[in-house]
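Asker: When you get a sec, could you give me coordinates for this:
(chains A and B)
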Amino acid sequence: MTAVIETEGLGKRYRNLWALAGCTLSIPAGHVVGLVGPNGAGKTTLINLATGMLVPSAGTIEVLGGRPAAGSAQLARVGYLAQDAPLYAGLRVADHLRLGAHLNPGWDAELAHRRIGRLGLDHRQKAGTLSGGQRAQLALSLAVAKRPELLILDEPVASLDPLARREFLQDLMETVAEQQVSVVLSSHLISDMERACDYVIVLVDSRVRLAGPVDDLLATHHLLSGPRRDPASLPDGVEVISASHTDVQSTLLVRTSGPVLDPAWTVSEVGLEDLVLAYMKQAAGSTRRHDHRHLEVRK
Amino acid sequence: MTWLTWRQFRAQAITAAAALAAFAILLAAVEPSLSGVYHSSGFASCHGAVCTGLASTFINDLSGGGIAGVPVTPYMIVYFLSIVVILIAPAIIGVFWGAPLIARELEAGTFRLIWNQSVTRTRWLTVKLVLIGAAAMAVTEAFSLLQAWWAAPIGKAVGFGGGASIFGETRFGVFVFPTHGITPLGYAAFGFTLGVAAGLLVRRAIPAMAITLAIFAAAQLITPLIRPDLFPTSQTVTTIAAAGANVSLKANPKLAFSVTAVPGHPGAWIISSDGVNAAGQPVRTMPAACEATVSRAFGSHRGTASGPGSTALNNCVASHGIRVAESYQPASHYWPLQLSETGLYLALALALAGCCFWRLNRRRS
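Answerer: Sure thing, here's the model as predicted:
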């Protein structure tokens, strides 16, 4: 299994502010990878670096083994759906499809038309008059019909209403199944990610806090509740991610490869959202000492 | 890329075509009556020495007999407007074609869409610059050629020395030179790339438009100052007597000459004329011995010498060994100067385009 995105000490500085610093990660191929993290974690900056919209201030990044946006061949291998799904407001749906056909040697016209037909978009309609959901779908169609090996989506559903969001993700899932394409999608909506992704990377403060297949992560994390006691008294091989205590009771989120045998604990499954939030919270606690100033990159 | 460039440029292209058509219709509508004056004045069919006088008659006919006592004729209005259109066309192109070209993509975020198709940014910009740049040059030159066709009789009359009032400029004139020949090509290329570069650097269309306009206007104001030096000037030193009626003395209060023509070089563009002594050094003060004739020549107001006194003054100044040094561009330098000025602006356009490519690939997004 090769990496679709591989970074080493990657950093991006805007004047004296680091939007991303010392980021080392490897995103495996063949997954729908959810990139989650709080605002300012560097998700969008990482995606901008991966698509070549930015050049690194430090470190290296390789996408599918090549330098991002290094040439037309590299561009053809990566599909990118930017935040807010930019389209030419004055051009019609049909014009966008012609644009895709003219600018991409690997353009799959049949796929594009099938998708537009399925979405029920009017070819004569101008992109500026489409709803947010339709815009996102058309932009995704453009990114998919160029037949990339890797599809990068930056907050694709953030501006959509719940119904459009569900439809978009549904459509994305079907496309991934059809096209055998690797996907990296960033979001701060963990519930959406839970529906779409089979691999998750939690990025906090430019650093990877958690990475792995969703199934593995859920299988190795447990929520323990029981009489109040010191978390340090847990056996070796059990890592406490978060702990909360009342006067009489303790609730712990732990990571362990083996089963929890202590009968004093009530063991329950943990959802992806709680799991991810626990890691973000842990990271926030541990990094508060760093005096990093962060930027939320919206554009 | 060609298709997309055309698709995004279509509306502007139609606007330009409509403007060009309106311009052509206006000129074509006035042309028959202009031609009528040209023939009725006798200037159209003149031969030899009478042409100079008939050229003046023709220009006077065009300038005289204004409507309702206003000393302005339709010919003057159309002539003025047509020159203004050619002067500002490159600025308009820079503002409305150049500045939004990249800035609008940056503002709308569509650069993220277009730079992630299987076409490099370099190729994307190359196609846009070449196609739209060519259109900019073609449109501006078309305006210029239409005007040159329409104003050909006027240009001929000015060539015969009949120029007066608004029709007074020779083809080296401040307004005529940059609007005729090949210079409009250079200005169009410069205006367009200036707009593109401003849009890319400022990243917002409206401020980029304002910057484009300001820089282009500044370039248009500065160019007449450097134009004489764009090609080596010719020099000649003549005696005041030899220069004859082409030279008149000025003393305000310094010694200065006003030269209207260079003997043996009809149609020359005179850039400067100074008094020099026998050794060739400049003389800027009136010889003391001639002061008496100065007051006779000029009376109470010191301007250009004329009348009987001026001959005495000329003789007095000449008797002190003062001659006239003239610096000029002969008529044969018209095209070399055109090439120099056009080349200068094309070079600036190329430099700006290079700046765009550098910026586009260096600091992305």
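Asker: Next SSE downstream of the helix ranked longest in chain A?
Answerer: Taking DSSP state H as the criterion, chain A has its longest helix at helix A:162-179. Downstream of helix A:162-179, the first helix or strand assigned by DSSP states H and E is strand A:182-187.
Asker: so how many other residues sit close to residue B:134?
Answerer: Residue B:134 has 13 neighbouring residues, counting by other C-beta atoms under 10 Å in any protein chain shown. (C-beta placed from N, C-alpha, C; glycine too.)
Asker: what about it, which SS state?
Answerer: helix (DSSP: H, G, I helix; E, B strand; the rest coil).
Asker: Report pLDDT for it.
Answerer: In this model, residue B:134 is scored at 97, pLDDT.
Asker: and the gap between it and chain A?
Answerer: According to C-beta to the nearest C-beta, to the nearest Å, residue B:134 and chain A sit 20 Å apart.
Asker: Return the residues in contact with that residue.
Answerer: By C-beta atoms under 8 Å, 6 or more residues apart in numbering or on different chains, residue B:134 lies in contact with nothing.
Asker: And residue B:32, how close does it get to chain A?
Answerer: Distance of residue B:32 to chain A, given as C-beta to the nearest C-beta: 42 Å.
Asker: Tell me the spacing between that residue and residue A:20.
Answerer: Relative to residue A:20, residue B:32 is positioned 71 Å away (C-beta to C-beta, to the nearest Å).
Asker: Quick one: residues contacting residue B:168.
Answerer: Counting by C-beta under 8 Å, 6+ apart, residue B:168 makes contact with residue B:158.
Asker: any idea how far it is from chain A?
Answerer: If you measure residue B:168 against chain A using C-beta to the nearest C-beta, the figure is 47 Å.
Asker: What's the local residue count around residue A:92?
Answerer: Residue A:92 sits with 18 neighbouring residues when counted by other C-beta under 10 Å.
Asker: beta partners of it?
Answerer: Residue A:92 has these beta-bridge partners by DSSP bridges: residue A:126.
Asker: And for residue A:239?
Answerer: Beta-bridge partners for residue A:239, by DSSP bridges, are residue A:255.
Asker: One more: residue A:151?
Answerer: residue A:79, residue A:183.
Asker: tell me which element residue 193 falls in.
Answerer: All of this refers to chain A. Using DSSP H and E, the element containing residue A:193 is helix A:190-196.
Asker: You answered for a different chain; I wanted chain B.
Answerer: Taking DSSP H and E as the definition, one finds residue B:193 inside helix B:183-202.
Asker: Would you map the strands across the chain?
Answerer: Looking at chain A here, since you left the chain open. Remark: strands assigned in chain A by DSSP state E are A:3-14, A:17-28, A:32-36, A:58-63, A:78-81, A:150-154, A:182-187, A:199-204, A:207-213, A:221-227, A:239-245, A:249-255, A:266-268.
Asker: not what I meant, chain B
Answerer: B:234-238, B:247-251, B:255-259, B:269-276, B:282-283, B:323-329.
Asker: For stretch B:223-230, which outside residues touch it?
Answerer: For stretch B:223-230, using C-beta under 8 Å, 6+ apart, the contacting residues are B:174, B:177, B:178, B:269, B:271, B:327, B:329, B:337, B:340, B:341, B:344.
Asker: in that stretch, what's buried?
Answerer: B:223, B:227, B:228, B:230 (16 or more other C-beta atoms under 10 Å in any protein chain shown).
Asker: what about that stretch, distance to the chain center?
Answerer: Per C-alpha atoms, centre = their mean, to the nearest Å, the displacement of stretch B:223-230 from the mean C-alpha position of its chain is 10 Å.
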